[in-house]
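Peer 1: got a sequence here, can you model it:
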Amino acid sequence: MRAGPAAALFGAAALVAAAATTGPATAGDSAPEYTVVDGYTIPEPLTETPGDPVMGRKWVINRKLGNCLSCHQMPIPEEQFHGETGPALYGVGDLYDAGELRLRMVDPKVLNPYSMMPAFYKTEGLHRVRTGFEGKTILNAQQVEDIIAYLMTLKDTSGARAAADN
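Peer 2: Down below sits the predicted model:
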């Protein structure tokens, strides 16, 4: 993991010691597996289709899917009620690469077992899963890749400073 502000952004309190682990990811029969490398990244995309940042922004805003704004402040001024539970995501594309963001989306508890962030692309080892959602991921692989593509466009940290001043 990178040192400095990047290390603290998502509260990565503990790293997995294993050099590589594989986790099941089944949003249906065709969902691919993923490999965690060095305990902090999933370097390979979950899909063959590159992520679409325009669609990723839509998933981030969608309160029935990603619902990212419930916890994170983001440069999306037309949406109200950005949360403050998680870190502001201004400039996150400068702090992490796509593989690091992918792990945080797929299974944030690999980095921080106490994280409140849900595992958006994991189906096993979860607790208190609502009936009817067992064995299903919150987002499908393409939605995860789209959101990562959008987050990688967030390069300006000035919005985070402005949000902190308010």
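Peer 1: what distance separates stretch 43-58 from the centre of its chain?
Peer 2: Relative to the centre of its chain, stretch 43-58 is centred 12 Å away, using C-alpha atoms, centre = their mean, to the nearest Å.
Peer 1: in the protein, which residue is closest to the centre?
Peer 2: By C-alpha atoms, centre = their mean, the mean C-alpha position of the chain lies nearest to M105, the distance being 2.5 Å.
Peer 1: what about it, which SS state?
Peer 2: helix (DSSP: H, G, I helix; E, B strand; the rest coil).
Peer 1: didn't it look like it was pressed against A149?
Peer 2: No - between M105 and A149 there is no contact under C-beta atoms under 8 Å: 11.6 Å. Every C-beta, even on glycine, is put in place using the N, C-alpha and C of the backbone.
Peer 1: could I get the buried residue list for the longest helix belonging to the chain?
Peer 2: Assignment by DSSP state H gives helix 141-151 as the longest helix of the chain. The neighbour-count check on helix 141-151 (16 or more other C-beta atoms under 10 Å) flags 141-151 as buried.
Peer 1: give me the number of residues near D94?
Peer 2: When neighbours are counted by other C-beta atoms under 10 Å, D94 registers 13.
Peer 1: with L89 instead?
Peer 2: 26.
Peer 1: helix/strand/coil for it?
Peer 2: With three-state DSSP as the criterion, L89 reads coil.
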